[in-house]
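Engineer: could you work out the structure for the sequence below:
(2 chains, ligands or ions: 1)
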Amino acid sequence: MNTKKRQVNWLHYIISLLIPIALLLNIPASLAAKTDYMLGQQKMKIPANNQATPARIALGKALFFDPRLSGSNWISCGTCHNPALGWSDGLPTGIGEGQQVLHRSTPTILNTGYNRHQFWDGRERTLEAQATGPIQAGVEMNQTMGVLIEELELIKGYKPLFEAAYPGEGISEDTIGKAIANFERTIVSDYSAPFDHWVRGKKDAISASAKRGFELFDGKARCNFCHQGHNFTDDGFHNIGLPNTDDPGRYAIAKIAILKGAFKTPTLRDIARTPPYMHNGAYATLEAVVEHYNEGGKNKSNLSPNMKKLNLSKQEKADLVSFLNTLTDKQKEFSLPILPN
Amino acid sequence: MKIKSFVGIVAGGLILCSQTILAKEFIIDQKDKAFIVNGKLADSYSVKVGDKINFRNMDPWFHNIFSLSDIKTFDLGSYPQGEARPVVFDKVGRVEIECAIHPQMFIEVDVTD
Ligand SMILES: [Cu+2]
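Structural biologist: Numbers count the residues shown, from 1 in each chain, chains lettered A, B, ... in the order given. Next up, the predicted model:
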């Protein structure tokens, strides 16, 4: 009698323990999935010798928008990475010095501070190293570093800006790259998009269609195999089977078979602001992008094994597009710097 | 008593044999875009010459494990969740192993005598 009673008590105890655990584990699957895309899960890696200061950011902002950084004194970083066009240029592929058409599209600068690799093929690791590349690239800004440093030395107003930002270091390739990187790290999502409000619990922040779109994105449509986390990227490289491309992509950097035609997974933050899409500007609209994925990619040669035909209905495709449109932050004013003379 | 010691001797013998004759076999998992050894994140591991490591994909998406190190180059290709592919480490030295798809995935295997 006594032992039986004790057993019952134990059972009670175990069950009462199990119920809350089961409840915890069972929290609506969609909530658990939503939080995968919340902010604060990934920290920006900032080099120890280039921590942010207001002087460094101000200098970087001036340099970013200064066309005198180019050989023609006509193109700045901001010409292609234009804040009015989602920090891109609205073109299928970039256009540089002498109106030369580049082979790849201009990615947004938004959230590049979180990138583990810069460029479509990930050939640079840091923003510091990346920044001075386009200045010297013939097709982009066509400027030699020696000449640029001489020119900047002659602009009186730059001296105090460099001195305030990097005391005693002077004007050099190193300080130019470091300042621009500091400015770029300030161009980040503020998570004011309807999607973020919904994740934080505002039930009517997005439409029913967008909610269904999210479930597809995070489930049947398998977008989350590659677009993960708050910045919607796995920092990985995939060949998604785009048409009209003979670009080797990441394979030029690492000769592993799967990387032929593979490119970096881009952020989807503010995606509605940056058409056309893909490294070669293949698609003008998000509808066309979703159609591409629905078909499991157009060009099947060396296609990523993560790409599959999706067989989405017309409604499901529309839902996915609705969801993608909820990833755009509230529009913010951006003021251009007055450049030193 | 007799049986116990007999079992002990056999078991001990087996363990000894497996150490000297049979090379060991290990599993390194790929999970959440990281290398996992015995349930823990790992960026280094050591084995003896002749040992085998099975690289097992535990993620729903594909990985592509490879190395271009001097003493060992291999490209395991990509394979689905639950599947594992083996690499035998036949020379002494350091082998740097990465995933081609997710370059943040990195583990160094130290192969010793
Ligand atoms: Cu991987």
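Engineer: residue 54: how many residues sit nearby?
Structural biologist: Let's take chain A. For A:Pro54, the neighbour count with other CB atoms under 10 Å in any protein chain shown is 10. Yep, even glycine has a C-beta here, placed from its N, CA and C like the rest.
Engineer: my bad, the chain I had in mind was chain B
Structural biologist: By other CB under 10 Å, the residues close to B:Asn54 number 14.
Engineer: which SS class is it?
Structural biologist: Following DSSP: H, G, I helix; E, B strand; the rest coil, the label given to B:Asn54 is strand.
Engineer: in the sheet, who's paired with it?
Structural biologist: Beta bridges link B:Asn54 to B:Ile27, B:Pro86, judged by DSSP bridges.
Engineer: my guess is it contacts B:Val88. True?
Structural biologist: No. Taking contacts as CB atoms under 8 Å, B:Asn54 lies outside contact range of B:Val88: 10.4 Å.
Engineer: my guess is A:Ala52 meets A:Arg185, correct?
Structural biologist: Yes. Between A:Ala52 and A:Arg185 there is a contact under CB under 8 Å: 6.6 Å.
Engineer: name the nearest residue to residue 107, sequence neighbours excluded.
Structural biologist: Reading this off chain A. The spatially closest residue to A:Pro107, leaving aside those adjacent along the chain, is A:Pro266, at 6.2 Å (CB to CB, 6 or more residues apart in numbering or on different chains).
Engineer: sorry, I should have been clearer: chain B.
Structural biologist: Nearest to B:Ile107 is B:Phe35, by CB to CB, 6+ apart, at 4.2 Å.
Engineer: same question for B:Met105.
Structural biologist: The nearest residue in space to B:Met105 (CB to CB, 6+ apart) is B:Cys99, at 3.9 Å.
Engineer: go on, A:Met44?
Structural biologist: Spatially, and ignoring its direct neighbours in sequence, A:Met44 is nearest to A:Gly113 (4.7 Å; CB to CB, 6+ apart).
Engineer: and the spatially most central residue of chain B, what does it touch?
Structural biologist: Nearest to the geometric centre of chain B sits B:Ile53, at 2.3 Å (CA atoms, centre = their mean). Going by CB atoms under 8 Å, 6 or more residues apart in numbering or on different chains, B:Ile53 touches B:25-28, B:45, B:47, B:86-87, B:89, B:109.
Engineer: repeat that for 7 Å
Structural biologist: Taking CB atoms under 7 Å, 6 or more residues apart in numbering or on different chains as the criterion, B:Ile53 is in contact with B:26, B:28, B:47, B:87, B:109.
Engineer: just to revisit the earlier point, which one of A:Ala52 and A:Arg185 is surrounded by more residues?
Structural biologist: When neighbours are counted by other CB under 10 Å, A:Ala52 and A:Arg185 differ, and A:Arg185 comes out ahead with 22 against 16.
Engineer: mind listing what that one touches?
Structural biologist: A:44, A:46, A:52, A:113, A:127.
Engineer: the same query, at a cut-off of 10 Å, please.
Structural biologist: A:44-46, A:50, A:52, A:56-57, A:60, A:109, A:111-114, A:127 (CB atoms under 10 Å, 6 or more residues apart in numbering or on different chains).
Engineer: show me the contacts for the closest residue to the ion within the stretch 101-250 of chain A.
Structural biologist: With CB to the ion as the measure, A:Gly236 is the residue of the stretch 101-250 of chain A nearest to the ion, at 6.7 Å. A:Gly236 makes contacts with A:116-117, A:122, A:225-228, A:250, A:262-265, A:304, A:306, B:33, B:61-63, B:99-105, as judged by CB under 10 Å, 6+ apart.
Engineer: just the buried ones from these?
Structural biologist: Buried subset of the contacts of A:Gly236 (neighbour count, 16 or more other CB atoms under 10 Å in any protein chain shown): A:116-117, A:122, A:225-228, A:250, A:262-265, A:304, A:306, B:33, B:61-63, B:99-103, B:105.
Engineer: which of these are close to the ion?
Structural biologist: Residues of the buried ones among the contacts of A:Gly236 in contact with the ion (CB under 5 Å from the ion): B:63, B:99, B:101-102.
Engineer: how about those residues in a markdown table, adding pLDDT and secondary structure?
Structural biologist: Listed next are these as a markdown table, based on pLDDT from 0 to 100; DSSP: H, G, I helix; E, B strand; the rest coil:
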| residue | pLDDT | secondary structure |
| --- | --- | --- |
| B:His63 | 97 | strand |
| B:Cys99 | 97 | strand |
| B:Ile101 | 97 | coil |
| B:His102 | 97 | coil |
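Engineer: ok, those vs A:Glu316, which is closest?
Structural biologist: Of all these, A:Glu316 sits closest to B:Ile101, with 26.7 Å by CB to CB.
Engineer: the closest one against B:Asn64, yeah?
Structural biologist: Yes. With contact defined as CB atoms under 10 Å, B:Ile101 counts as touching B:Asn64 (5.1 Å).
Engineer: please enumerate the shared neighbours of these two.
Structural biologist: Residues touching both B:Ile101 and B:Asn64 (CB under 10 Å, 6+ apart) are A:237, A:256, A:258-259, A:262, A:304-305, B:78.
Engineer: what number of residues lie near the residue nearest to A:Met44?
Structural biologist: Quick note: A:Gly113 (other CB under 10 Å) scores 20 neighbours.
Engineer: tell me the pLDDT at it?
Structural biologist: A:Gly113 carries a pLDDT value of 96.
Engineer: distance of B:Val88 relative to chain A?
Structural biologist: Distance, B:Val88 to chain A, using CB to the nearest CB, to the nearest Å: 20 Å.
Engineer: let me see the backbone angles for that residue.
Structural biologist: Dihedral angles of B:Val88 (phi, psi; degrees, to the nearest 10) stand at phi -100, psi 130.
Engineer: OK, contacts around it?
Structural biologist: Per CB under 10 Å, 6+ apart, neighbours of B:Val88: B:23, B:25, B:47, B:49-53, B:72, B:74.
Engineer: using ChimeraX, define a selection of the buried residues within these.
Structural biologist: Selection of buried members from these for ChimeraX, criterion 16+ other CB under 10 Å:
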select /B:23,47,51,53,72,74
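Engineer: OK, contacts around residue 70?
Structural biologist: Using chain A here. A:76-77, A:79, A:96-97, A:134-135, A:140-143, A:148.
Engineer: hm, I was asking about chain B
Structural biologist: Counting by CB under 10 Å, 6+ apart, B:Asp70 touches B:91, B:93-96.
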